[in-house]
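Trainee: got a structure for you, letters missing:
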C-alpha cells in the first residue's frame, strides 16, 4: 500500500504542475508566481478576471472530464473483460451527441446543449441496459452470468444507430450551426462557466471514485471470470449493474461537459495497467489522477498551439493517443 500511496502522490504533484501550466498559458501568458498570487488574492485587473472567469473554470472542467473518462474506461474494461474497451463502446457518447446536436440546431444556448447531451446519454444508458438485460428473465443462470458479450454487442449496434442519426443531423443542419456542431463532436471544453457548471465533473469524479474504490477487491476477482467470481462469493450480477451504472454516469457527465473526447478512456487505463499491474485498488485512483492530468495538458496545447484560435481538444488527444497506443501495443508484443 505504501507503493500505491507514493504513486498517487506523484500523480497528484503532476496534476498540480499541469494545472499551474494551464492557468499560466493562453493568448497572453501569465507568470506562474502571478497566477499563484491571484488565485488566493484576486483583484480587479484583467489578468485576474481572465484567470478566474475563463482559465480556472476550464482547467477544473478539463481535469474532471479527463478523470471521469479514464475511470469510466477502467471500469468498462473490467465489466467487459476487454482491455480495449473504452467509455464510448456502449454508445453513451453517441446518444449524447445526438441530443447535443439537436439542441444546437433548435436552440444553440450552452445550457440547452448540455441538457440535450445529458438527456441523450441517459436515453442511451437506459436503452443499452434494458436491451442487454432481456435474458435476465430466463432461469438459465449461466446465461445471466455471461451477459457481457450481449451488453457489448447491444452497445455496438446502438452506437451504429446513433452514428447514422448524427450523419442525418449534420446533413440537415443550417450552415450557420454546422461549424459549432462539428466543433462539439471533436471535443470542446470552451463552454465551461464559473461556478457549479465547471465543478460538476470534478464533484461527480469524486463521487464515482468513492463508490467504485470499495468494490476494487471484488473487481479483481471478477477479472478471473464470472464462474470463479461466483464460486468465491462475489455477487456478480449486482456488481456488474453497479459498475455499469457508475461507468455510464461518469461517461454521461464527461460527454455533456466536453463533447466526444476520444482516447483518454482507452489509453490511460491501458498504459497504467501495463505499468502498475491490474490491481483495481491501485489502478482506479491512478486513472482518475492520470486522466485528469492528461486532459489538462492536451487542453492547454489545444488552446495555445495556434493562439488566439483554439483547436478542439479531441483532435489533440487523438493525435497523441493513436501513436501512444500503438507504441504500447508494440512494446507489449515485444516483451512477449
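Mentor: Thanks, I have the structure now. Remember, predicted model here, so these are calculated numbers, not experimental data.
Trainee: what about the residue lying closest to residue 268 once chain neighbours are set aside, distance to residue 286?
Mentor: Distances taken as Cβ to Cβ, 6 or more residues apart in numbering place residue 70 nearest to residue 268, at 4.0 Å, with adjacent residues excluded. Backbone N, C-alpha and C define where each C-beta goes, glycine included. Counting by Cβ to Cβ, to the nearest Å, the separation of residue 70 from residue 286 is 9 Å.
Trainee: of the two, who's got more company?
Mentor: Set side by side, residue 70 and residue 286 show more neighbours around residue 70, with 35 against 25, by other Cβ atoms under 10 Å.
Trainee: helix or strand next in line after the helix or strand encompassing the more buried one, which one?
Mentor: Element membership for residue 70 (DSSP states H and E) is helix 56-79. Remark: after helix 56-79, the chain's next helix or strand is helix 92-106, criterion DSSP H and E.
Trainee: what's the mean pLDDT across the helix or strand just after that next one?
Mentor: Remark: after helix 92-106, the chain's next helix or strand is helix 110-132, criterion DSSP H and E. For helix 110-132, mean pLDDT is 84.
Trainee: stretch 295-307 too?
Mentor: 90.
Trainee: now it, how far from the centre of its chain.
Mentor: Centre-to-centre, stretch 295-307 and its host chain are 17 Å apart (Cα atoms, centre = their mean, to the nearest Å).
Trainee: same check on stretch 287-307?
Mentor: On the basis of Cα atoms, centre = their mean, stretch 287-307 sits 13 Å off its chain's mean C-alpha point.
Trainee: likewise stretch 77-94?
Mentor: Averaging C-alpha positions (Cα atoms, centre = their mean) puts stretch 77-94 11 Å from its chain's average.
Trainee: distance between the ends of it?
Mentor: Using Cα to Cα, to the nearest Å, the end-to-end distance of stretch 77-94 comes out at 19 Å.
Trainee: and that stretch, what's buried?
Mentor: Neighbour counts over stretch 77-94 (16 or more other Cβ atoms under 10 Å) mark 77-80, 85-94 as buried.
Trainee: with stretch 209-225 instead?
Mentor: Using 16+ other Cβ under 10 Å as the test for burial, stretch 209-225 gives 209, 212, 213, 215, 216, 218, 219, 220, 221, 222.
Trainee: who touches it?
Mentor: With contact meaning Cβ atoms under 8 Å, 6 or more residues apart in numbering, stretch 209-225 is reached by 67, 71, 75, 78, 81, 228-229, 232, 234-236, 239, 242-243, 246, 278-281, 284-285, 288.
Trainee: the inter-axis angle of the helix or strand residue 295 falls within versus helix 56-79?
Mentor: In the assignment (DSSP H and E), residue 295 maps to helix 280-304. Here helix 280-304 runs at an angle of 140 degrees relative to helix 56-79 (axes from the mean of the first three to the mean of the last three Cα atoms, to 10 degrees).
Trainee: what about helix 280-304, distance to the chain center?
Mentor: On Cα atoms, centre = their mean, the centre of helix 280-304 falls 10 Å from the chain's centre.
Trainee: of all the buried residues of stretch 209-225, which two lie farthest apart?
Mentor: Spatial extent of those (Cβ to Cβ) is set by the pair 209 and 221 at 19.8 Å.
Trainee: so where's the stretch 101-250 of the chain uncertain?
Mentor: Applying pLDDT under 70 to the stretch 101-250 of the chain flags residues 108, 133-149, 191-197.
Trainee: which ones are touching the residue most central in space within the chain?
Mentor: Nearest residue to the geometric centre of the chain (Cα atoms, centre = their mean): residue 69, 1.7 Å. Contact analysis of residue 69 by Cβ under 8 Å, 6+ apart lists 87, 250, 251, 254, 261, 264, 265, 268, 291, 295.
Trainee: next step: those restricted to helices.
Mentor: Those of the contacts of residue 69 mapping onto helices are 250, 251, 254, 264, 265, 268, 291, 295, per DSSP state H.
Trainee: which one of these is nearest residue 184?
Mentor: Proximity of those to residue 184 (Cβ to Cβ) peaks at residue 254, which lies at 13.5 Å.
Trainee: count the residues that sit near the closest one.
Mentor: Count around residue 254 with other Cβ under 10 Å applied: 35.
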